[in-house]
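> show me the folded form of this:
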Amino acid sequence: MLLKETIKRVLGGNGTIKIMKPIKSMRLKNKSSKAYSIWKKNNSYKDIHKGKRCFILGNGPSLKDIDLSLLQDEFVFTVNNFSKVSGFEKVKPDYHLWIDGAFFAIRTDMYYDMKDVMVNYQKMSKLNPVCFVPVDGYEFIKKHKLDKILDIHYIYSIGSIEDININEEKCDISSFIPGMRNVVQYAIIIALYMGFDEIYLLGCDSTSIVTTINCALKQKNDEMHAYDNDNTEKEISSLLQNWDMSDVFYDQYLLFLGYKKINEYCKKRNIKLVNCSSTTLISSIPREDISSVLKRK
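Numbers count the residues shown, from 1 in each chain. You can find the predicted model right below:
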């Protein structure tokens with residue numbers, strides 16, 4: 001860690017990332033040649049949906065405003081606990097992501113109900129989407145034989161969005177991709193690699209900061225997600241035992257910075273990125289009503 005910090009001071013964030021990429025690649029290859037080979041095969045997804053549009057569904061409360069059956073014939077990405085959303089089976093997602101280390105029992109700073117997580121995996125397996133998870137989840141996936149019931153693909157991120165000039169990156173999921181702050185941002189990166197030139201966000205409220213502040217003040221949270229079976233208050237309360245509020249706000253800064261940088265990346269390449277969430281704190285991405293988008297089918 002000391003060497004990494006020294007390199008960063010001398011070369012800056014981008015310089016550090018360039019040096020760390022081959023080192024991390026070699027570490028993964030040595031640790032698990034199987035995970036490495038699966039990761040490199042993601043190149044088969046390059047531009048497979050070129051010129052198409054897709055919808056990325058977050059799990060924010062505003063997702064409840066959407067008739068999910070209207071998305072049945074669209075290319076759809078879902079994330080995390082989507083299987084808890086009422087009527088989730090109306091959507092036949094093409095792709096699903098789990099990114100947070102808590103889904104793979106590798107976070108010690110936040111409570112997660114692992115029984116709940118395993119039910120989540122089982123429910124999603126019935127919809128049969130292509131699933132993307134972080135390389136760090138490989139051992140957990142193998143231990144619980146989740147690759148027997150799910151079509152699992154791995155992604156490997158590096159660096160912090162604060163240090164990365166995303167316009168210099170290729171968003172190549174068969175190589176390293178920028179380290180983003182939440183699962184929706186990773187879904188956007190994958191969609192870009194697949195060649196989608198219209199990307200619409202739904203249920204991407206990014207209001208978790210409100211939930212966190214309420215938990216810190218011991219105040220009641222009403223709607224935290226688009227589903228009712230929600231352990232979020234327990235998760236945040238355990239997080240606040242390990243994080244100072246300065247950590248919380250810095251994390252939120254990186255989250256919104258990530259959306260800003262992704263939008264700049266899309267604008268530069270004439271890719272349409274639009275947030276159709278009826279309620280959202282994301283101000284850097286253009287907004288549009290979902291009904292108008294669906295009429296242009």
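> just how off-centre is stretch 109-121 within its chain?
17 Å (Cα atoms, centre = their mean, to the nearest Å).
> repeat that for stretch 129-139.
Distance, centroid of stretch 129-139 to centroid of chain: 12 Å (Cα atoms, centre = their mean).
> out of the helices and strands in the protein, which is least certain?
helix 2-31 (a mean of 54; mean pLDDT, DSSP states H and E).
> quick one: residue 126 and residue 291, what's the gap?
Relative to residue 291, residue 126 is positioned 29 Å away (Cβ to Cβ, to the nearest Å). In short, each C-beta sits where N, CA and C put it, glycine included.
> please apply the same query to residue 40.
Per Cβ to Cβ, residue 40 is found 41 Å from residue 291.
> so between these two, which is more surrounded?
Shown here are residue 40 and residue 291; by other Cβ atoms under 10 Å, residue 40 has more neighbours (14 against 10).
> now the helix or strand that contains the more buried one: mean pLDDT?
Secondary structure from DSSP states H and E places residue 40 in helix 33-40. Average pLDDT, helix 33-40: 70.
> tell me the helix or strand right after that helix.
strand 53-57.
> partner strands of that next one and their direction?
strand 75-79 (parallel), strand 198-202 (parallel) (DSSP bridges).
> what's in contact with it?
Residues from elsewhere that reach strand 53-57 (Cβ atoms under 8 Å, 6 or more residues apart in numbering): 63, 71, 74-79, 82, 91, 93-94, 184, 187-188, 191, 194, 196-204, 272.
> filter the residues you listed to the buried ones?
Buried members of the contacts of strand 53-57, counted by 16 or more other Cβ atoms under 10 Å: 63, 71, 74-79, 82, 91, 93-94, 184, 187-188, 191, 194, 196-204.
> for this structure, which strand is longest?
When the chain is parsed with DSSP state E, its longest strand is strand 151-158.
> so can I have a markdown table of the strands paired with strand 53-57 showing distance to residue 282 and mean pLDDT?
Shown next, in a markdown table, are the strands paired with strand 53-57 (distance: least, Cβ to Cβ, whole Å; pLDDT from 0 to 100):
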| stretch | distance to residue 282 | mean pLDDT |
| --- | --- | --- |
| strand 75-79 | 15 | 98 |
| strand 198-202 | 8 | 98 |
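> quick one: low-confidence residue ranges for the stretch 101-250 of the chain.
169-170, 229 (pLDDT under 70).
> quick one, strands of it?
Using DSSP state E, counting those that start in this stretch, the strands found in the stretch 101-250 of the chain span residues 130-134, 151-158, 176-178, 198-202.
> of all these, which one is nearest residue 49?
Among the strands of the stretch 101-250 of the chain, the nearest to residue 49 by Cβ to Cβ is strand 198-202 (10.3 Å).
> pull the CA atoms of that closest one into PDB?
As requested, the backbone C-alpha atoms of strand 198-202 are provided in PDB (Å, rounded to 0.1, in the frame of the first residue of the first chain):
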ATOM      1  CA  GLU A 198     -29.200   4.700 -26.600                       C
ATOM      2  CA  ILE A 199     -29.100   4.000 -22.900                       C
ATOM      3  CA  TYR A 200     -32.100   4.800 -20.700                       C
ATOM      4  CA  LEU A 201     -32.000   4.700 -16.900                       C
ATOM      5  CA  LEU A 202     -35.100   3.800 -14.700                       C
END
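> identify the residues contacting it?
Against strand 198-202 from outside (Cβ under 8 Å, 6+ apart): 52-58, 62-63, 66, 184, 188, 191-192, 266, 271-277, 282, 285, 288, 290, 293.
> for that strand, the distance to its chain's centre please.
14 Å.
> from the middle of its chain, how far away would stretch 104-113 be?
Averaging C-alpha positions (Cα atoms, centre = their mean) puts stretch 104-113 17 Å from its chain's average.
> which of the residues in that stretch are buried?
Buried residues in stretch 104-113, counted by 16+ other Cβ under 10 Å: 104, 107, 110, 111, 112.
> do you know how far residue 138 is from residue 208?
27 Å.
> looking at the two, which is more packed in?
More crowded of residue 138 and residue 208, by other Cβ under 10 Å: residue 138, with 22 against 19.
> look up how far residue 210 lies from residue 222.
On the measure of Cβ to Cβ, residue 222 and residue 210 end up 10 Å apart.
> of the two, which one has the most company?
A direct count of neighbours by other Cβ under 10 Å for residue 222 and residue 210 places residue 210 higher, at 13 against 7.
> what residues are up against the more buried one?
With the criterion set at Cβ under 8 Å, 6+ apart, residue 210 makes contact with residue 221.
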